[in-house]
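Colleague: Pasted the sequence and its predicted model underneath.
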Amino acid sequence: MATGADSGLARFLVRVGDVAFRAGPRGIELCRIDCEERHVTFRDAGDPDPRLPVFPVGPVPDDDEERKDWVWMPAAPSPAWAHLAWLVGELGDQFGALRDHGVRLVDVDIPGRAWADLGVTHGGERWRVRVALEGGAEPIEFPACFIGELFTERRHTRYLVPVAGNLVDLTDVL
């Protein structure tokens, strides 16, 4: 059952995804989300990625309210900011899937355009789940459901990077 804090964090993540969607084309990129403090950090990336996002559904509204009812998942060749905005918004929309699988999202670190590291806890342990933002063959689909099931079914161990501690590298999967 969702708590007030869970609902608040889910709404926060959706809003952060909306801001990342608007800021990315301007060269302002999301670089960190602290879920416990509800704090975000953006960076000036200099020149924005010149590529336009590609959406299978066609042109997507810039307005957050209009876009919220769309399944606007960006296609694989879209810029990293579009994938990141989708990922963060979906983590908010699917927050219950993580919680239902005993996974708690702690933070998100985005060191550059290549990937995002999701800091999660599960089974009393801290994990980093790496998700590709650039170079994927497929769009990021149902990330919270996939990650939640991965941990519940203990399949996350297939993707552990031995020299990196508790890093679950999904860059070839998600």
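Modeller: Received, thanks. Here the structure is a predicted model, which means the values were calculated and not measured. Residues are numbered from 1 along each chain as shown.

Colleague: all contacts plus neighbour counts: C-alpha atoms, from now on.
Modeller: Will do.

Colleague: now stretch 44-60: how far from the chain's centre is it?
Modeller: Put simply, stretch 44-60 sits 16 Å off its chain's centre (Cα atoms, centre = their mean, to the nearest Å).

Colleague: ignore the last one, stretch 72-81
Modeller: In this view, stretch 72-81 has its centroid 12 Å away from the chain centroid, taken as Cα atoms, centre = their mean.

Colleague: which residues are in contact with it?
Modeller: 20-21, 24-25, 29-30, 49, 51-57, 60, 82-83, 86, 113-114, 133-141 (Cα atoms under 8 Å, 6 or more residues apart in numbering).

Colleague: Buried members of these into PyMOL, please.
Modeller: For the buried members of the contacts of stretch 72-81, the matching PyMOL selection, counting by 16 or more other Cα atoms under 10 Å, is:
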select buried, resi 20+21+24+25+29+30+49+53+54+55+60+82+83+86+113+133+134+135+136+139+140
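
Colleague: Next step: the contacts of stretch 72-81 restricted to helices.
Modeller: 20-21, 82-83, 86 (DSSP state H).

Colleague: Quick check: of those residues, which lies closest to residue 65?
Modeller: Closest to residue 65 out of the ones in helices among the contacts of stretch 72-81 is residue 21 (12.7 Å), distances taken as Cα to Cα.

Colleague: got the contact list for the residue lying closest to that closest one once chain neighbours are set aside?
Modeller: With sequence-adjacent residues excluded and distances taken as Cα to Cα, 6 or more residues apart in numbering, residue 21 is closest to residue 85, at 5.2 Å. Going by Cα under 8 Å, 6+ apart, residue 85 touches 16-21.

Colleague: returning to that earlier point: could you redo the ones in helices among the contacts of stretch 72-81 as a markdown table and give each row distance to residue 166 and pLDDT?
Modeller: Converted to a markdown table, those look like this (distance: Cα to Cα, whole Å; pLDDT from 0 to 100):
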| residue | distance to residue 166 | pLDDT |
| --- | --- | --- |
| 20 | 27 | 96 |
| 21 | 30 | 93 |
| 82 | 27 | 93 |
| 83 | 24 | 94 |
| 86 | 25 | 94 |
